[in-house]
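Participant: any chance you can model this:
(chains A and B)
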There are 2 protein chains.
Amino acid sequence: MKHFIYPHELDKNDKEKLDYLYNKLTHNTKYYAGYSPNTEFNYADLYKFLQFSINNLGDPFIGGNEMSSHGIECEVLNYFARITNAPKQFSGYVTNGSTEGNLYGLYLARKMYPNTIAYFSNHTHYSIPKNLDILNIPYFNIETIHNGEMDYDLLYGKLQENRDRPALIIANIGTTVVSAIDNIDKIKAALINANISQYFIHADAAFDGMILPFIDNPPPFRFSDGIDSIAISGHKLIGSPIPCGIVLTKKKYVGNIKTLIEYVDKPDTTISGSRNGITPVFLWYAIKRTGDDGFKKIVYDGFAKAEYAIKKFKKFGINAWKNEHSLTVVFPAASKKILTKWNIPTAYGYSQITLLPKLTYPMIDEFCVDMAADIQDPNAKLSSALMY
Amino acid sequence: MKHFIYPHELDKNDKEKLDYLYNKLTHNTKYYAGYSPNTEFNYADLYKFLQFSINNLGDPFIGGNEMSSHGIECEVLNYFARITNAPKQFSGYVTNGSTEGNLYGLYLARKMYPNTIAYFSNHTHYSIPKNLDILNIPYFNIETIHNGEMDYDLLYGKLQENRDRPALIIANIGTTVVSAIDNIDKIKAALINANISQYFIHADAAFDGMILPFIDNPPPFRFSDGIDSIAISGHKLIGSPIPCGIVLTKKKYVGNIKTLIEYVDKPDTTISGSRNGITPVFLWYAIKRTGDDGFKKIVYDGFAKAEYAIKKFKKFGINAWKNEHSLTVVFPAASKKILTKWNIPTAYGYSQITLLPKLTYPMIDEFCVDMAADIQDPNAKLSSALMY
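Facilitator: Residues are numbered from 1 along each chain as shown, chains lettered A, B, ... in the order given. Below is the predicted model of the structure:
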């Protein structure tokens, strides 16, 4: 009685397109020095789950969807709840990435305080103003100090001017380029000094949300430090072929957005609706097989390599630096040639490399040689990166 | 020099959890009669791409991201542009599913007409009111007529009352449960009669967007029929282990939302930010290997099976019916036992089966035997489905 999978073969031209893509990705993965995804993952044991149409629709903690991996998703969320000191009554889900996690946190804030104004630094990821525009929330952009952190005096000034309105603060737990961490204690002090009692702090911890839990004496970033929601990426420090992330919040906020999924008679508390059930299994697998000790090793190995890289850069006269808890080393914008070979992001006048396992010591050496050659080449053009 | 993948093995308990999930999904895929995902897919040829951290961040037509499958994504979008008669100047991207596609269409409508009011029928998917709430767009819920279509007289009445405000109409190109198709011609007539010239029609074509292009004389649903944006799911009629979809719109609307991705110096025109690059490759592969003729066969085989199922149901005294262009047969809400065995959604007093390749003739026969036994069982409880 069975059926009907694919009456046609791929033609030669189409096969070549797939080969081209495969070769391009193989090459560029080798020289992927700048961006934050960890490329050292291996989920081959789990490919067999890709024969199924898994769907994690709805609230994972209510679950019961017979084609879902909700049980495993809940274990992943419990893990993140532990490393972010979430309250016992927390809620959340595995997202398609931190843009969705950020949208979710900001949406909950607006449901709590419909009249809110948002505040964030001008080194904040572009998904924040995009999401605020989607949500129709007015906002102020706060200047940064020298290391990319929010200027808390300017924040205080704006809060003070608008003290009649609830405040939504987006704290960068690692900005995109220089990996600066906005200080939650100083943000809370500015709120208190401005006499604002109705506020919501969302932590965009896309990258550093998987660094800070594994270092000694981290700066404040947890629920116990005063945040109300947090977004962390799964495809960055952990690594995943499919962008993903988690968002966590206090359960009390989620009551404001429950809608009923009419055809399964269960509430939805997510943005997505249909959600893939495979990335929760990837994250679960990576967490189990890496362990806290494994993540700690990735982080501290990275710190050591970052120190090595900065020293090496300086030897070549390149003024490299990094923020204290960061795996990202920044330096003045490199040439187009370097950016292209090494897949390096550039903004605010800086280029960056990210000291994940993919970036080995010999690669750092090779990179420095390229940079040095470039500096001595009178024809090397500066990158066209934005200099704001 | 290399590195560090996974210092730990999974323990026995964790291995059992994966086995349990695998067995559950295997069993439930066999009895997956009701929901709209096509489970007959096979992407094993493409698993090798899952070793890479592919990311389709940003506008696929601008592309140039060295870790993306943007070229293949554009081919997928061109395919959908053809089957929906999109204008030459169209825009769009591969989404994480139709909820995101719907959010995108409605967001563009609000950017075009900030003062808009939305109208949709009460058989509309719950993602529409959820997305309208996210976007802060006020809305009216319009009653349906007997077959689940919007009541156009009631729509006209509401439009008339609010004719000073631009209108955003969400047209169901297949409602979730009874697969009713809202008539674009009648919607346009209601707008004209109410004297509203500023309007935006978004088509939620999650399932039927892959049926109507392959039948003769379809009802109006295309850009050439007057829609402004459309969302179609990839994991439904086509089939995919990861929920996905496409959204298409007229290019002129997208200019209103372009934001700059600071660290790659390219504009973003999407909701997602980081987007997986594997589902575009899955969709591309399925489209190439199925072909228009293959999709046509899935659709017409489904119509034949639906007719067979309705006749068989009636023989057992079960009052089953379907809308004209639908692959979904509905019947009065079945018992909990049936819904659980066969994974069947139920709402508005109806249960449904979906006549995709997964649902074979012998399965229809087995289903009817189960239903008949159930009817004669005085202890069988009616489903707890909502009866609104």
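Participant: average pLDDT for stretch A:157-167?
Facilitator: Stretch A:157-167 shows a mean pLDDT of 98.
Participant: ends of that stretch, how far apart?
Facilitator: This stretch, stretch A:157-167, spans 13 Å end to end (C-alpha to C-alpha, to the nearest Å).
Participant: which of the residues in it are buried?
Facilitator: For stretch A:157-167, the neighbour count (16 or more other C-beta atoms under 10 Å in any protein chain shown) marks A:158, A:159, A:162, A:166, A:167 as buried. Quick note: C-beta positions are derived from backbone N, CA and C, even for glycine.
Participant: of these, which belong to strands?
Facilitator: Residues of these located in strands (DSSP state E): residue A:167.
Participant: can you tell me which two in the buried residues of stretch A:157-167 are farthest apart?
Facilitator: Largest separation among the buried residues of stretch A:157-167 by C-beta to C-beta: A:158 and A:166, giving 13.7 Å.
Participant: where do the helices of chain A begin and end?
Facilitator: Ranges of helices in chain A, per DSSP state H, are A:12-30, A:70-83, A:98-112, A:127-135, A:152-161, A:184-193, A:251-254, A:278-315, A:336-342, A:361-376.
Participant: so for residue B:221, which of those sits nearest?
Facilitator: Going by C-beta to C-beta, the one of the helices of chain A nearest residue B:221 is helix A:127-135, 26.4 Å.
Participant: tell me which other helices or strands that closest one touches.
Facilitator: helix A:98-112, strand A:117-121, strand A:139-142, helix B:127-135 (3 or more C-beta pairs under 8 Å, 6 or more residues apart in numbering or on different chains; DSSP states H and E).
Participant: tell me the angle of the second one relative to helix A:127-135?
Facilitator: With axes from the mean of the first three to the mean of the last three C-alpha atoms, to 10 degrees as the basis, strand A:117-121 and helix A:127-135 are set at 160 degrees to each other.
Participant: quick one: strand A:117-121 to helix A:152-161, angle?
Facilitator: 170 degrees.
Participant: and strand A:117-121, how far out from the chain's middle?
Facilitator: Distance of strand A:117-121 from its chain centroid, counting by C-alpha atoms, centre = their mean, to the nearest Å, is 18 Å.
Participant: quick one: strands adjacent to it?
Facilitator: Sheet partners assigned to strand A:117-121 using DSSP bridges are listed as strand A:139-142 (parallel), strand A:167-172 (parallel).
Participant: contact partners of the longest one?
Facilitator: Contacts with strand A:167-172, where a contact means C-beta atoms under 8 Å, 6 or more residues apart in numbering or on different chains, come from A:102, A:106, A:109-110, A:113, A:116-121, A:123-125, A:128, A:137, A:150, A:155, A:159, A:180-182, A:184, A:187, A:191, A:194, A:196, A:198-204, A:221, A:227.
Participant: tell me which residues of stretch A:243-262 are tucked away?
Facilitator: A:243-251, A:253-254, A:257, A:261-262.
Participant: what about stretch A:257-268, how long is it end to end?
Facilitator: Using C-alpha to C-alpha, the two ends of stretch A:257-268 sit 8 Å apart.
Participant: that should have said stretch A:25-38, apologies.
Facilitator: This stretch, stretch A:25-38, spans 14 Å end to end (C-alpha to C-alpha).
Participant: got the buried residues for that stretch?
Facilitator: A:25, A:28, A:29, A:31, A:32, A:33, A:34, A:35, A:36, A:37, A:38.
Participant: OK, contacts around residue A:253?
Facilitator: A:91, A:108, A:109, A:111, A:112, A:228, A:229.
Participant: swap that for residue A:99, sorry
Facilitator: Applying C-beta under 8 Å, 6+ apart, the residues near residue A:99 are A:127, A:130, A:131, B:271, B:272, B:273, B:274.
Participant: now for residue A:210: which residues touch it?
Facilitator: A:232, A:233, A:236, A:237, A:238, A:295.
Participant: and for the residue nearest to residue A:31 when sequence neighbours are not counted, the neighbour number?
Facilitator: Nearest-residue entry for residue A:31: residue A:342, 5.2 Å, with adjacent residues in sequence omitted and distances by C-beta to C-beta, 6 or more residues apart in numbering or on different chains. Residues near residue A:342, counting by other C-beta atoms under 10 Å in any protein chain shown, number 21.
Participant: do the same with residue A:227
Facilitator: Residues near residue A:227, counting by other C-beta under 10 Å: 28.
Participant: give me the distance between it and residue A:99.
Facilitator: From residue A:227 over to residue A:99 the distance is 18 Å, taken as C-beta to C-beta, to the nearest Å.
Participant: can you check residue A:294 too?
Facilitator: Taking C-beta to C-beta, one finds residue A:294 at 27 Å from residue A:99.
Participant: do residue A:185 as well
Facilitator: 27 Å.
Participant: please identify the deepest-packed of the helices of chain A.
Facilitator: helix A:98-112 (a mean of 27; mean count of other C-beta atoms under 10 Å in any protein chain shown).
Participant: just want the angle from it to helix B:98-112.
Facilitator: Using the same axes, to 10 degrees: helix A:98-112 against helix B:98-112 is 60 degrees.
Participant: and helix A:98-112, what's its mean pLDDT?
Facilitator: On average, helix A:98-112 scores 97.
Participant: so how far is it from its chain's centroid?
Facilitator: That offset, for helix A:98-112, works out to 14 Å (C-alpha atoms, centre = their mean).
Participant: send over that helix as CSV, restricted to the C-alpha atoms.
Facilitator: The C-alpha trace of helix A:98-112 is given here as CSV (Å, rounded to 0.1, in the frame of the first residue of the first chain):
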residue,chain,number,x,y,z
SER,A,98,17.9,35.0,21.0
THR,A,99,15.9,37.3,18.8
GLU,A,100,12.8,35.3,19.7
GLY,A,101,13.9,35.1,23.3
ASN,A,102,14.3,38.9,23.4
LEU,A,103,10.9,39.4,21.7
TYR,A,104,9.4,37.2,24.4
GLY,A,105,11.0,39.0,27.3
LEU,A,106,10.0,42.5,25.9
TYR,A,107,6.5,41.3,25.2
LEU,A,108,6.0,40.1,28.8
ALA,A,109,7.3,43.4,30.0
ARG,A,110,4.8,45.3,27.9
LYS,A,111,1.9,43.0,29.1
MET,A,112,3.0,43.8,32.6
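Participant: ok, back up a step: now the helices and strands packed on helix A:127-135 as JSON lines including distance to residue B:142?
Facilitator: Below are the helices and strands packed on helix A:127-135 laid out as JSON lines (distance: least, C-beta to C-beta, whole Å):
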{"stretch": "helix A:98-112", "distance to residue B:142": "25"}
{"stretch": "strand A:117-121", "distance to residue B:142": "34"}
{"stretch": "strand A:139-142", "distance to residue B:142": "35"}
{"stretch": "helix B:127-135", "distance to residue B:142": "12"}
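Participant: those: which one's closest to residue B:336?
Facilitator: Here helix B:127-135 is closest among the helices and strands packed on helix A:127-135 (C-beta to C-beta), at 26.0 Å.
Participant: mean confidence score for that closest one?
Facilitator: Here the average pLDDT along helix B:127-135 is 96.
Participant: kindly report the same for stretch A:13-23.
Facilitator: 98.
Participant: out of the helices and strands in chain A, which is least certain?
Facilitator: strand A:259-261 (a mean of 70; mean pLDDT, DSSP states H and E).
Participant: what residues does residue A:217 make contact with?
Facilitator: So residue A:217 contacts nothing (C-beta under 8 Å, 6+ apart).
Participant: next, it: phi, psi?
Facilitator: phi 50, psi 60 (degrees, to the nearest 10).
Participant: residues contacting the residue lying closest to residue A:103 once chain neighbours are set aside?
Facilitator: Spatial nearest neighbour of residue A:103, chain neighbours left out: residue A:131 (4.5 Å); criterion: C-beta to C-beta, 6+ apart. Residue A:131 is in contact with A:99, A:102, A:103, A:106, counting by C-beta under 8 Å, 6+ apart.
Participant: nearest to residue B:53, of these?
Facilitator: residue A:99 (16.5 Å).
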